[in-house]
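S.K.: below are the sequence and a predicted model for it; my questions follow.
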Amino acid sequence: MIVSPEFRKNLPTVPQVLIVDDEATQQLLMRRVMEKEGYRVLEATNGEECLQICQTTQPDIILLDAMMPVMNGFACCKRLQENSKTRHIPVLMITGLDDKQSVNQAFEVGATDYITKPIHWPVFIQRVRRLIQQSQLYRQLIESQEKTEKLLLNILPKSIAQRLQEETPGELIIADHFPSVSVLFADMVGFTKFASAMPPIELILKLNSIFSEFDRLTEEYGLEKIKTIGDGYMVASGLPIPRDDHADALLEMALAMQQAMVNLKTQIPEYLGLRIGIHSGPVIAGVIGTKKFSYDLWGDTVNTAARMEQYGFSGCIQVTENTYNLLSKKHLFAERGTIEIKGKGKMKTYLAGSSDCLIREVA
């Protein structure tokens, strides 16, 4: 493995060493040597104390005496290896035993290295330095991997990210059919005029505050954000994990988005209306291509949902008859009637949202 100089530069500056030895004189001498090296020292007098310390602290290395009361070094090392939180901590076994059987036993229970007494300190120090460097490199690699995985989960649904990681190169195509989902498109009315009168950085900050609130709502209602398109926002319900109440969940989200825009008016005096369209039906969802992955949807359901937004009104949520028939009807709707939709012909739609949209309750 090649490690860049920048990566090495970011290593922790004060390594932590756990000395486990029941001989006070030996422990004192080892502590002085380690502190002279600039290491922070923890101490234990037997294996049980070592395990207790490791429950709350992750040392960069354990200097473990083999022969101790209560729990010897071999038993302690085996327990460290059995614990997923401690198995990666390097263990340097230190003992007066130099027979082959003891050496083999140390490595069998998981010791990283082995050194015999009397200790030759220059060699000992070099081994400790090497093991600490390996420990810190490994820890930083794990942290880097966790950050990468977190970033991936911010881009893709968890189940899709896992499938992508399992796929072999050249087979990175994921396309799943969902027979019934709901898709929402939202667009900010008057955004073009709003954007033209504002410095770019201020515009981005305000747009980010709006979309961040939408992202929070998406997570709260257990939905899947698909993407933002300029000042538009697209979210789906019922995938990648199917749910029977996908239409109701998405309508709840839509109503919360409308209310969020009203609440944000104190931060954004130039009020922007929100036009929302929802349609329910089958889609294909997945990831295609080899670079800059994104989870997307395809099919007539997506196009129809977009048309519902385009032909809607500011402050209103327009839903198709398909979506309306799936809803539990606990909300108030206005039947807009049959309207001409480009590419779709005549469609019956319903409106929900602000008081202007609510004409009568539909039982």
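M.R.: The structure has been received and is ready for your questions.

S.K.: from Asn208, how far off is the most centrally placed residue in the chain?
M.R.: The centre of the chain sits closest to Lys150, judged by CA atoms, centre = their mean, with a distance of 3.2 Å. When distance is defined by CB to CB, to the nearest Å, Lys150 is 19 Å away from Asn208. All C-beta atoms are positioned from the backbone trio N, CA, C, and that covers glycine.

S.K.: quick one, helices of this structure?
M.R.: Ranges of helices within the chain are 5-9, 24-36, 47-56, 73-82, 100-108, 121-155, 158-166, 191-196, 200-220, 246-263, 300-310, 321-326, based on DSSP state H.

S.K.: of all those, which one is nearest Leu92?
M.R.: For those, proximity to Leu92 was assessed by CB to CB; helix 121-155 is nearest, at 6.1 Å.

S.K.: give the rounded mean pLDDT of that closest one.
M.R.: Within the predicted structure, the mean pLDDT of helix 121-155 is 81.

S.K.: quick one, it and helix 200-220 angle?
M.R.: Inter-element angle recorded for helix 121-155 and helix 200-220: 90 degrees (by axes from the mean of the first three to the mean of the last three CA atoms, to 10 degrees).

S.K.: mind listing what's buried in helix 121-155?
M.R.: Judged by neighbour count using 16 or more other CB atoms under 10 Å, the buried positions of helix 121-155 are 124, 127-128, 131-133, 135-136, 139-140, 152.

S.K.: redo those residues as JSON lines? Include distance to Leu264.
M.R.: As requested, those are arranged in JSON lines below (distance: CB to CB, whole Å):
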{"residue": "Phe124", "distance to Leu264": "63"}
{"residue": "Arg127", "distance to Leu264": "60"}
{"residue": "Val128", "distance to Leu264": "56"}
{"residue": "Leu131", "distance to Leu264": "54"}
{"residue": "Ile132", "distance to Leu264": "51"}
{"residue": "Gln133", "distance to Leu264": "50"}
{"residue": "Ser135", "distance to Leu264": "48"}
{"residue": "Gln136", "distance to Leu264": "45"}
{"residue": "Arg139", "distance to Leu264": "41"}
{"residue": "Gln140", "distance to Leu264": "40"}
{"residue": "Leu152", "distance to Leu264": "30"}
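
S.K.: any low-confidence regions in the stretch 51-200 of the chain?
M.R.: Segments of the stretch 51-200 of the chain classed as low confidence (criterion: pLDDT under 70) are 148, 151-154, 159, 162-172, 195.

S.K.: can I see the domain layout of the chain?
M.R.: Taking automatic domain parsing as the domain assignment, the ranges for the chain are 5-155, 158-353.

S.K.: any idea how far the residue nearest to Thr116 when sequence neighbours are not counted is from His120?
M.R.: In space, not counting the residues next to it along the chain, Thr116 is nearest to Asp98; the distance is 4.5 Å by CB to CB, 6 or more residues apart in numbering. For Asp98, the distance to His120 (CB to CB) stands at 13 Å.

S.K.: try Ala247
M.R.: When Ala247 is compared with His120 (using CB to CB), they lie 74 Å apart.

S.K.: look up how far Met34 lies from Leu80.
M.R.: The span separating Leu80 from Met34 equals 19 Å under the rule CB to CB.

S.K.: how many other residues sit next to Val14?
M.R.: When counting by other CB atoms under 10 Å, one arrives at 8 neighbours for Val14.

S.K.: so who does the residue lying closest to it once chain neighbours are set aside touch?
M.R.: Residue nearest to Val14 in three dimensions, not counting chain neighbours: Arg40, with 5.4 Å by CB to CB, 6+ apart. Applying CB atoms under 8 Å, 6 or more residues apart in numbering to Arg40 gives the contacts 14-17.

S.K.: between Ala247 and His120, who's got more neighbours?
M.R.: Neighbour comparison, Ala247 and His120: the larger count goes to Ala247, with 25 against 11 (by other CB under 10 Å).

S.K.: need the contact list for the closest residue to that one other than its chain neighbours.
M.R.: Counting by CB to CB, 6+ apart, the nearest residue to Ala247 once its immediate chain neighbours are dropped is Leu326, at 3.8 Å. For Leu326, the residues meeting the contact criterion (CB under 8 Å, 6+ apart) are 180, 182, 246-248, 280.

S.K.: please report which of those residues has the highest neighbour count.
M.R.: For the contacts of Leu326, the largest neighbour count, defined by other CB under 10 Å, is 33 neighbours, found at Ser182.

S.K.: tell me which residues form a beta bridge with that one?
M.R.: For Ser182, the beta-bridge partners are Ser237, Ser280 (DSSP bridges).

S.K.: can I assume it is in contact with Gly238?
M.R.: Yes. Counting by CB atoms under 8 Å, Ser182 sits close enough to Gly238 to count as a contact (6.1 Å).
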